[in-house]
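A.B. asks: Any chance you could fold what I've pasted below:
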Amino acid sequence: MEAIVYEEFGGPEVLRHATGVAVPEPGPGEVRVKVAAVGVNPVDWKRRYGWVEEFYPTTFPAVPGLEFAGTVDALGAGVTDLAVGDEVLGWTKTGSYAEYAIAGTVAPKPAELSWEAAASLPVAGETAQRVLDLIGVREGETLFLHGAAGVVGSVAVQLAVAAGITVVGSASESNHAYLRELGAIPVAYGDGLAERVRAAAPGGVDAVFDAAGHGVLPVAIELLGGEGTARKERIATIAATDAAEHGIAFSGVTGAPDAVRAALTAQARQAVEGTLAVRLADTLPLKEAARAQELSESGHVRGKLVLVP
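C.D. replies: Sure thing, here's the model as predicted:
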């Protein structure tokens, strides 16, 4: 089959487009999926560099990618809740930058949802909901979301606003109108961020979700009461690798499969209904995976990058 493979850590040049890769076989309780679309995420290139081995250990040769949308192609022993031909979206155990992948946790893909939109949901939706749950933000509270216009951030904004939470979101000024459309109060990045957040939320901030990193954790701690605060448990990051040095939770591991499947099913339905959306930046052929990861790593992409085998 066609797949993207890498055999050592490094830059995008280690990614190789291969056409003779063995098609994986599903084991007991597993299904194989013919991949129709692949979501590209920052964690893909962070894994390629070897930066997140603690959460995603690598065995070489490796196929990148966590999320996909596609059609069930083969069933492993004991699978009774899925059938060949079912359209699904979800997570893979073998890497999604390929024509075929062994599925991990999957949810049904609504017929009305495009392949590209479906492949954009699993990582962003699961991550956003997991972190919102971790910091315990509730209806009537105020959340500061750093990196609110990114893919994970924008999904988190929508989920939080729908739950009755006031969201103050940081983003470049070119994305402020977009955040207002999602229901957030935008503030600009850079020096003076804490003061701008306080001005946008004069009643104070109850929790902080860092989706962008770039040294924002001291600001988050300041907003919740300073270094000695007992409220650090209400701050979480998915981007700052020095989180432990600040006593902040780094959230990088998916939740229980049943909960992930239920949330993804609900989010796919919301996407069809128009109450949850992931902005699509571009769709590229699978063989341009290195280019897609370069674009993702640049930090200048507005929306989701999708690969199509």
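A.B. asks: When you work out contacts or count neighbours from here on, use the C-alpha atoms and nothing else.
C.D. replies: OK.
A.B. asks: Which stretches in the stretch 201-309 of the chain count as helices?
C.D. replies: Under the criterion DSSP state H, counting those that start in this stretch, the stretch 201-309 of the chain carries helices at the ranges 217-223, 257-273, 289-298.
A.B. asks: what's in contact with the second one?
C.D. replies: The reference is to helix 257-273. With contact meaning C-alpha atoms under 8 Å, 6 or more residues apart in numbering, helix 257-273 is reached by 90, 105-110, 112-113, 118, 121-122, 125-126, 254, 276-277.
A.B. asks: buried subset of these?
C.D. replies: By neighbour count, with 16 or more other C-alpha atoms under 10 Å, the contacts of helix 257-273 hold 90, 105-110, 118, 121-122, 125-126, 276-277 as buried.
A.B. asks: Identify, from the residues you listed, the entry nearest to residue 165.
C.D. replies: Taking C-alpha to C-alpha as the measure, residue 165 lies nearest residue 276 of these, at 15.6 Å.
A.B. asks: Tell me how far that closest one lies from residue 252.
C.D. replies: 23 Å (C-alpha to C-alpha, to the nearest Å).
A.B. asks: Would you mind measuring from residue 195 to residue 308?
C.D. replies: 43 Å.
A.B. asks: Neighbour count for these two, which is higher?
C.D. replies: residue 308 (21 against 13; other C-alpha atoms under 10 Å).
A.B. asks: quick revisit: would you turn the helices of the stretch 201-309 of the chain into JSON lines with mean pLDDT?
C.D. replies: What follows is those, written out as JSON lines (pLDDT from 0 to 100):
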{"stretch": "helix 217-223", "mean pLDDT": "94"}
{"stretch": "helix 257-273", "mean pLDDT": "92"}
{"stretch": "helix 289-298", "mean pLDDT": "95"}
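A.B. asks: Compare the ones you listed and give me the one nearest residue 1.
C.D. replies: Per C-alpha to C-alpha, nearest to residue 1 of these: helix 289-298, 15.7 Å.
A.B. asks: Name the residues of the closest one that are buried.
C.D. replies: Result for helix 289-298 [16+ other C-alpha under 10 Å]: buried residues 289-290, 292-293, 296-297.
A.B. asks: ditto for stretch 301-309
C.D. replies: Of the residues in stretch 301-309, those buried (16+ other C-alpha under 10 Å) are 301, 303-309.
A.B. asks: quick one: which two of these are the most distant?
C.D. replies: 301 and 309 (21.1 Å).
A.B. asks: And the helices in the stretch 1-150 of the chain?
C.D. replies: Counting by DSSP H, counting those that start in this stretch, the helices of the stretch 1-150 of the chain are 42-49, 115-119, 122-135.
A.B. asks: of all these, which gets the most neighbours per residue?
C.D. replies: helix 115-119 (a mean of 26; mean count of other C-alpha atoms under 10 Å).
A.B. asks: who's in contact with that one?
C.D. replies: 36-39, 67-70, 89-90, 109, 268, 278, 280, 283, 306.
A.B. asks: Ok, stretch 128-144 next?
C.D. replies: With C-alpha under 8 Å, 6+ apart, stretch 128-144 has contacts from 152-153, 155-156, 159-160, 163-170, 197, 201, 204-209, 233-236, 251, 254-255.
A.B. asks: how about the strands in the stretch 51-200 of the chain?
C.D. replies: Assigned by DSSP state E, counting those that start in this stretch, the strands in the stretch 51-200 of the chain fall at 67-75, 87-92, 100-108, 142-146, 166-171, 185-188.
A.B. asks: Nearest to residue 53, out of those?
C.D. replies: Comparing the strands of the stretch 51-200 of the chain by C-alpha to C-alpha, strand 87-92 comes nearest, at 17.2 Å.
A.B. asks: and that closest one, average pLDDT?
C.D. replies: Strand 87-92 carries an average pLDDT of 96.
A.B. asks: what angle do that strand and helix 122-135 make?
C.D. replies: 60 degrees (axes from the mean of the first three to the mean of the last three C-alpha atoms, to 10 degrees).
A.B. asks: Which neighbouring elements make contact with strand 87-92?
C.D. replies: strand 67-75, strand 100-108, helix 115-119, helix 122-135 (3 or more C-alpha pairs under 8 Å, 6 or more residues apart in numbering; DSSP states H and E).
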